[in-house]
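# One predicted model, sequence on top.
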Amino acid sequence: MSFSNPLSLSPMESHTTVPSNHEAETEPTEFEKNQKRYKDLIATFPHTKGWRPKGPLIEYHGCWFVQPLLEGCLHAQEFFQARPIDFLICSSAKTGTTWLKALTFAIVNRTCLDNSSNPLLKRNPHELVPFIENEFAFFPQVDVIKDKGNTLFSTHIPYGLLPKSIANSGCKMVYIWRDPKDTFISMWTFFQKQRSDFGPLNSLEESFDMFCRGTSVYGPYLDHVLGYWKAYQENPNQILFLKYETMRADPLPHVKRLAQFMGYGFTAEEEKKGVVEKVVNLCSFETLKNLEVNEGEKIREDIASVHWPNSAYFRKGMVGDWHNYLTPEMAARIDGLMHEKFKGSGLLEHDIDD
């Protein structure tokens with residue numbers, strides 16, 4: 001995958017003119033021109049209060065974004081060119097994305113599992129499998145997304161808003177979803193660790209109410225899940241649909257299934273040698289959390305301006321942690337919304353991991 005800019009200049013290139021006063025004046029770069037164009041367009045979209053006093057949520061085709069991520073989404077829709085050989089990790093926020101990125105990267109690069117220089121031991125999974133919308137939004141000077149040798153990418157963009165090139169290319173995708181109660185708690189605690197001057201996070205109760213009403217980043221969450229579920233039903237050869245809780249309970253068979261779907265299936269010899277177990281162990285929550293690169297306040301080495309330390313991506317990773325935060329009434333509310341939304345879709349009744 002790569003970004004194909006039809007303009008003659010790359011997003012980071014510029015040229016200069018000499019005005020009549022003979023003082024050199026730099027013209028805006030293509031990146032700056034695109035950013036202004038997106039900002040002007042976004043200003044016309046509906047805005048509402050976000051989870052913090054600053055930084056509103058913005059509605060785009062029924063989905064809520066924060067400003068930088070919506071700019072990134074618009075840029076991806078316009079310029080992102082998928083190839084048949086590419087593989088896309090899709091998810092809503094805080095549903096197992098970091099784990100799935102590590103697993104897919106380890107599967108593709110498993111020849112270096114026993115190597116101390118393995119990138120997963122030195123870098124956060126989000127550096128190795130870039131978001132197609134985040135790189136424009138936050139890291140425009142990072143070139144990993146333009147690397148033609150890279151075939152692994154990820155996104156939180158809802159299925160209906162994905163760049164058309166993804167569907168047209170026939171590239172494969174995997175989607176992971178999670179119980180909305182744990183998803184909400186993971187999201188709320190994640191935002192608490194944000195490096196930001198946007199002010200304090202809303203109370204748990206207020207944020208929960210907004211989440212249930214669908215006003216959360218990349219929300220409504222249930223619509224996000226249902227969109228990919230329907231796409232999976234229509235084209236199971238292109239989309240693999242996974243559930244976080246099921247994978248956590250018994251990762252081995254699902255990692256084998258994932259590898260097979262990606263076109264990197266494990267051989268009988270590899271299984272005999274325990275390669276699948278090595279992949280699972282390397283990518284386990286416990287292993288990744290305790291790596292030096294993911295401890296304390298360490299941040300991405302390739303960019304100084306980030307909003308979260310690497311450690312923020314490794315909180316607990318457990319199933320059912322919502323019991324420590326939500327009242328029975330809150331749990332009943334979100335469960336009722338989920339059953340109503342998914343009713344008749346086959347999602348709750350179907351054993352998707354057969």
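It's in. Residues are numbered from 1 along each chain as shown.
# burial measure for the residue lying closest to residue 154 once chain neighbours are set aside, as a count.
The spatially closest residue to residue 154, leaving aside those adjacent along the chain, is residue 89, at 4.0 Å (Cβ to Cβ, 6 or more residues apart in numbering). Where C-beta positions appear, they are placed from N, C-alpha and C, glycine not excepted. Residues within reach of residue 89, counting by other Cβ atoms under 10 Å, total 23.
# what does the one 4 residues further on give?
Using other Cβ under 10 Å, residue 93 has 18 neighbouring residues.
# Quick one: classify residue 219 as helix, strand or coil.
When classified by DSSP: H, G, I helix; E, B strand; the rest coil, residue 219 comes out as coil.
# do residue 153 as well
strand.
# show me the residues around it that make contact.
Shown in contact with residue 153 (Cβ atoms under 8 Å, 6 or more residues apart in numbering): 1, 86-89, 129-132, 145.
# Now render those residues as JSON lines, adding distance to residue 267 and pLDDT.
Output for these, formatted as JSON lines (distance: Cβ to Cβ, whole Å; pLDDT from 0 to 100):
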{"residue": "1", "distance to residue 267": "27", "pLDDT": "46"}
{"residue": "86", "distance to residue 267": "23", "pLDDT": "96"}
{"residue": "87", "distance to residue 267": "19", "pLDDT": "97"}
{"residue": "88", "distance to residue 267": "25", "pLDDT": "97"}
{"residue": "89", "distance to residue 267": "24", "pLDDT": "97"}
{"residue": "129", "distance to residue 267": "24", "pLDDT": "92"}
{"residue": "130", "distance to residue 267": "29", "pLDDT": "89"}
{"residue": "131", "distance to residue 267": "32", "pLDDT": "90"}
{"residue": "132", "distance to residue 267": "31", "pLDDT": "92"}
{"residue": "145", "distance to residue 267": "31", "pLDDT": "56"}
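# which ones among these are found in strands?
87-89 (DSSP state E).
# surely residue 192 meets residue 201?
Yes. Between residue 192 and residue 201 there is a contact under Cβ atoms under 8 Å: 5.6 Å.
# More neighbours: which of the two?
Neighbours were counted for residue 192 and for residue 201 using other Cβ under 10 Å; residue 201 has more, 20 against 12.
# ok, now which ones touch the more buried one?
51-52, 188, 191-192, 194, 207.
# try 7 Å this time
By Cβ atoms under 7 Å, 6 or more residues apart in numbering, the contact list for residue 201 reads 51-52, 191-192.
# Could you do residue 62 as well?
Contacts of residue 62 by Cβ under 7 Å, 6+ apart: none found.
# picking up where we left off before, buried ones only from the contacts of residue 201, please, as a PyMOL command.
For the buried members of those, the matching PyMOL selection, counting by 16 or more other Cβ atoms under 10 Å, is:
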select buried, resi 51+52+191
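# Tell me the one of the contacts of residue 201 nearest residue 37?
Comparing the contacts of residue 201 against residue 37 with Cβ to Cβ picks out residue 52 as the nearest, at 26.3 Å.
# wait, that closest one sits on residue 199?
Yes. In terms of Cβ atoms under 7 Å, residue 52 counts as a neighbour of residue 199; the distance is 5.2 Å.
# ok, back up a step: so which of the contacts of residue 201 belong to helices?
191-192 (DSSP state H).
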